[in-house]
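Asker: Sequence first, then the predicted structure, then my questions.
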Amino acid sequence: MISTVFPTSTPTLSGVRLAIRQLQPQIVLWRRQIHQQPELAFREAQTAAFISQKLTDWGIEHETGVAKTGIVAVVQGQQPGPVLAIRADMDALPIQEMNEVEYRSQQDGVMHACGHDGHVAIALGTAYYLSQHRDSFCGTVKFIFQPAEEGPGGAKPMIEAGALENPDVDAIIGLHLWNNLPVGTVGVRTGPMMAATEFFHCTIRGRGGHGAIPHQTVDSIVVAAQVVNAIQTIVARNIDPLKSAVVTLGELHAGSAVNVIADQARMSGTVRYFDEMYEGYFARRLDEIIGGVCQCHGASYELDYNPLYPPVVNDADITELVRSAALAVVETPAGVVPECQTMGGEDMSFFLRAVPGCYFFLGSANQAKNLAYPHHHPRFDFDEAALSTGVEIFVRCVESFCQG
């Protein structure tokens, strides 16, 4: 369990070099411009155009239209060397913003409620800084601006489109602004950081009839109720208690009248786990349990199982690179939270399967400013002081990786 202590004031940027601190107002402006024009998965045309225009203005070579709306940019250092990629997701969510701020969303029913606008701004700030300080590093930095993280997933299509090639990427890093940690802190760990994300939809088919004559029916609601209870045993009795996993039913729909036995029930849910050894296991076990319960009652079923994203697993060496950079930036060693995990999912996992890398959390909450609403909340916002911190950590990672 992570104990989160929120500061009463915004931390100073003492660990951020002067050139990046001076860039802070511009990074904030970019973030707010993106925030005002949020776009859903694979529709990020305006966001991509904004990014492309900035890169063009700065003379940074880049390719657009990668996996529909993605962008891959390249910044060369002073001398040849390894290739480090920096990934930033750029899609928004179908949420109506409730914040009363001057930069609130101008798109009805669409909002940057997870911080991706900040991710893009941090990546742009890093690209600009490095393009102006090519003598500070060797090798190549590849910036991957990715669509559709919120689903159905843009990382895999970008990899298939060659985002990690020409030149081939040696390692990759990325961050997520995180309102579960206070601004001025960084969450980073080796190994599993975020969970696998899998979804399932099941339809149980019985035989409907009159509520007063149940013996002529197969009650799909009774069957569904037993399925709901039975699948809770997967984690409780099939998974090693020293490992973490979750099976959650989020939807259950059945019936249309008080005196009618429903002929079908529909349920949907999600599965989360950290250990890659469980890939495929939950789909098989759900099928066995649902099939067994339905057979007992003479019902039939259809199960649609979708393993969306695998777990986010950080490489030990690249995690140490990020941890060292973070320690140089945050004010105290206690500001680097070592065992930060969440059952949330992220398709950064596909990049981390392709090349060694590290995904980390950048604390962004500030209770004193009322900036502590959770992700995906209609009042989500974050302390923009985190933006410069993110740029500084990325820049330090580049300098250390490409020089040594």
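Answerer: Structure received. All of these numbers come straight from a predicted model, not from anything done at the bench. Numbering: from 1, shown residues only.
Asker: Val16 and Glu392 touch, don't they?
Answerer: Yes: counting by Cβ atoms under 8 Å, Val16 touches Glu392, with 4.5 Å between them. Bear in mind the C-beta positions are built from the backbone N, C-alpha and C, glycine included.
Asker: So for these two, which residue has more residues nearby?
Answerer: Comparing Val16 with Glu392 by other Cβ atoms under 10 Å, the one with more neighbours is Glu392, at 26 against 22.
Asker: Same question for stretch 103-116: list its buried residues.
Answerer: Tyr103, Ser105, Gln107, Val110, Met111, His112, Ala113, Cys114, Gly115, His116 (16 or more other Cβ atoms under 10 Å).
Asker: Can I get the residues you listed in CSV including secondary structure?
Answerer: Below are the buried residues of stretch 103-116 laid out as CSV (DSSP: H, G, I helix; E, B strand; the rest coil):
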residue, secondary structure
Tyr103, coil
Ser105, coil
Gln107, coil
Val110, coil
Met111, strand
His112, coil
Ala113, coil
Cys114, coil
Gly115, coil
His116, helix
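Asker: so which two of those residues are the farthest from each other?
Answerer: Gln107 and Gly115 (17.0 Å; Cβ to Cβ).
Asker: Give me the phi and psi for Ile172.
Answerer: Note on Ile172: its backbone torsions stand at phi -140, psi 140 [degrees, to the nearest 10].
Asker: if we can go back for a sec, now, among the buried residues of stretch 103-116, which is nearest to Glu276?
Answerer: Comparing every one of these with Glu276 (Cβ to Cβ), the shortest separation belongs to Cys114, at 24.7 Å.
Asker: what's near enough to touch the closest one?
Answerer: Going by Cβ atoms under 8 Å, 6 or more residues apart in numbering, Cys114 touches Ala92, Leu93, Glu150, His375, His376, Phe380.
Asker: again, only this time at 10 Å
Answerer: Contacts for Cys114 (Cβ atoms under 10 Å, 6 or more residues apart in numbering) come out as 89, 91-93, 95, 149-150, 176-177, 179, 344, 374-377, 380, 382.
Asker: what pLDDT, on average, does the helix or strand where Ala265 lies get?
Answerer: Secondary structure from DSSP states H and E places Ala265 in strand 264-273. Regarding strand 264-273, the rounded mean pLDDT is 98.
Asker: isn't Val258 right next to Gly211, touching?
Answerer: Yes: Val258 lies in contact with Gly211 (Cβ atoms under 10 Å); the separation is 7.1 Å.
Asker: Neighbour count: those two, which is higher?
Answerer: Taking other Cβ under 10 Å, Val258 and Gly211 do not tie; Gly211 has more neighbours (14 against 6).
Asker: Which of the helices or strands spans Ser131?
Answerer: helix 116-132.
Asker: Render the CA-only coordinates of that helix in PDB, please.
Answerer: Written as PDB, here are the backbone C-alpha positions of helix 116-132 (Å, rounded to 0.1, in the frame of the first residue of the first chain):
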ATOM      1  CA  HIS A 116      -2.600  12.800 -22.500                       C
ATOM      2  CA  ASP A 117      -2.600  16.500 -23.400                       C
ATOM      3  CA  GLY A 118       0.200  16.800 -20.800                       C
ATOM      4  CA  HIS A 119       2.000  13.800 -22.300                       C
ATOM      5  CA  VAL A 120       2.100  15.400 -25.700                       C
ATOM      6  CA  ALA A 121       3.200  18.800 -24.300                       C
ATOM      7  CA  ILE A 122       6.100  17.100 -22.300                       C
ATOM      8  CA  ALA A 123       7.200  15.200 -25.400                       C
ATOM      9  CA  LEU A 124       7.100  18.400 -27.500                       C
ATOM     10  CA  GLY A 125       9.100  20.300 -24.800                       C
ATOM     11  CA  THR A 126      11.700  17.500 -24.800                       C
ATOM     12  CA  ALA A 127      11.900  17.500 -28.600                       C
ATOM     13  CA  TYR A 128      12.400  21.200 -28.700                       C
ATOM     14  CA  TYR A 129      15.000  21.300 -26.000                       C
ATOM     15  CA  LEU A 130      17.000  18.500 -27.500                       C
ATOM     16  CA  SER A 131      16.800  20.000 -31.000                       C
ATOM     17  CA  GLN A 132      18.400  23.200 -29.500                       C
END
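Asker: Kindly export whichever helix or strand comes after that helix (C-alpha atoms) in CSV.
Answerer: Next along the chain after helix 116-132, taking DSSP H and E as the criterion, comes strand 140-146. C-alpha atoms of strand 140-146 as CSV (Å, rounded to 0.1, in the frame of the first residue of the first chain):
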residue,chain,number,x,y,z
THR,A,140,19.3,9.4,-31.8
VAL,A,141,16.0,10.2,-30.0
LYS,A,142,12.8,9.0,-31.6
PHE,A,143,9.5,10.6,-30.5
ILE,A,144,6.5,8.4,-30.9
PHE,A,145,3.2,10.3,-30.7
GLN,A,146,0.6,7.5,-30.5
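Asker: before we move on, the earlier item: residues bridging contact with Val16 and Glu392, i.e. touching both?
Answerer: Val329.
Asker: still on that earlier bit, wait, which of the buried residues of stretch 103-116 is closest to Ala196?
Answerer: Proximity of the buried residues of stretch 103-116 to Ala196 was ranked by Cβ to Cβ; the top entry is Cys114 with 18.7 Å.
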